[in-house]
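J.: quick one, fold the following:
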Amino acid sequence: MSAQVTFWFDVTCPYCWITSRWMKEVEKVRDVTIDWVPMSLYVLNEGRELDPGYRAKIDNTIYPARLFAYVKQHHPDKVDALYTALGTAFHNEGKLDPTGFEANKDAIYDALADTGLDMELVKVATDDSIDETLRAYHQTAMDAVGDDVGTPVVKVGDNAFFGPVLTRIPRGEDAGKIFDGALALGAYPHFFELKRSRNESISFD
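T.: This next block holds a predicted model:
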């Protein structure tokens, strides 16, 4: 029986990107069906006191998040491909610019074109009328796992968790084994957290 996975993501988060590429590897070695759903670091951090520099970066994450909320609502079959295209540009190709929407517009245009979506959808990124839809998608992640989390949120069956946080992308059967372990931990009703300090930088190889 196929495992039903819901994966909530913010395209700007590099750790979420690694976890998502792990799940793309899992697709190759396990019978899984993944529903890709946007969440938002902007929404998650509303009302929190943050360092001004970090606040500026977080505030600029709203633009691609709006785009994904619109695409999820109107073109749900394109979310996976758009996440791959824009995530690759932002992270693997280093095109994510934290200074604002205009600096990322070309990368968004290219990702829309690569995905077969109308390039005029770039306008959605600056349209706050989609914010209610984005907040609704984000809230489904919070409802599944609780408020004290970040991105990604992964749900398998009835069980959701934050992470896993990875610094490398597991490949092949390694990806499958880690998925099996996460599935087992997540299924245990009294399991809540497993964590250690990170001592290496991330790599998208």
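J.: pass me the low-pLDDT residue ranges in the chain, would you?
T.: 1 (pLDDT under 70).
J.: for the chain, which residue is closest to the average position?
T.: The chain has Phe9 as the residue nearest its centroid, 1.8 Å off, counting by CA atoms, centre = their mean.
J.: next, that one: phi, psi?
T.: Here is the backbone geometry of Phe9 (degrees, to the nearest 10): phi -140, psi 150.
J.: in the sheet, who's paired with it?
T.: As for beta bridges, Phe9 partners with Pro38 under DSSP bridges.
J.: for it, list the residues it contacts.
T.: Cys16, Ser20, Trp36, Val37, Pro38, Met39, Phe68, Tyr83, Thr151, Pro152 (CB atoms under 8 Å, 6 or more residues apart in numbering). No exception for glycine: its C-beta is placed from N, CA and C like everyone else's.
J.: highest neighbour count among those?
T.: Using other CB atoms under 10 Å as the neighbour test, these are led by Met39, with 29 neighbours.
J.: so that residue is in contact with Asp143, correct?
T.: No. Met39 is not in contact with Asp143 according to CB atoms under 8 Å; the separation is 11.3 Å.
J.: where do the helices sit along the protein?
T.: Taking DSSP state H as the test, the helices found in the chain are 14-29, 41-44, 52-60, 62-74, 79-87, 101-115, 131-145, 172-187.
J.: which one, of those helices, ends up nearest to Lys95?
T.: Evaluated over the helices of the chain, closeness to Lys95 peaks at helix 101-115, with 4.4 Å, by CB to CB.
J.: ok, now how distant is the residue nearest to the centre of the chain from Pro170?
T.: Phe9 sits at a distance of 17 Å from Pro170 (criterion: CB to CB, to the nearest Å).
J.: same deal with Thr88?
T.: In terms of CB to CB, Thr88 sits 18 Å off from Pro170.
J.: more neighbours, those two?
T.: More crowded of Thr88 and Pro170, by other CB under 10 Å: Pro170, with 20 against 17.
J.: would you turn the helices of the chain into JSON lines with distance to Pro164?
T.: Below are the helices of the chain laid out as JSON lines (distance: least, CB to CB, whole Å):
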{"stretch": "helix 14-29", "distance to Pro164": "6"}
{"stretch": "helix 41-44", "distance to Pro164": "18"}
{"stretch": "helix 52-60", "distance to Pro164": "22"}
{"stretch": "helix 62-74", "distance to Pro164": "22"}
{"stretch": "helix 79-87", "distance to Pro164": "17"}
{"stretch": "helix 101-115", "distance to Pro164": "26"}
{"stretch": "helix 131-145", "distance to Pro164": "13"}
{"stretch": "helix 172-187", "distance to Pro164": "6"}
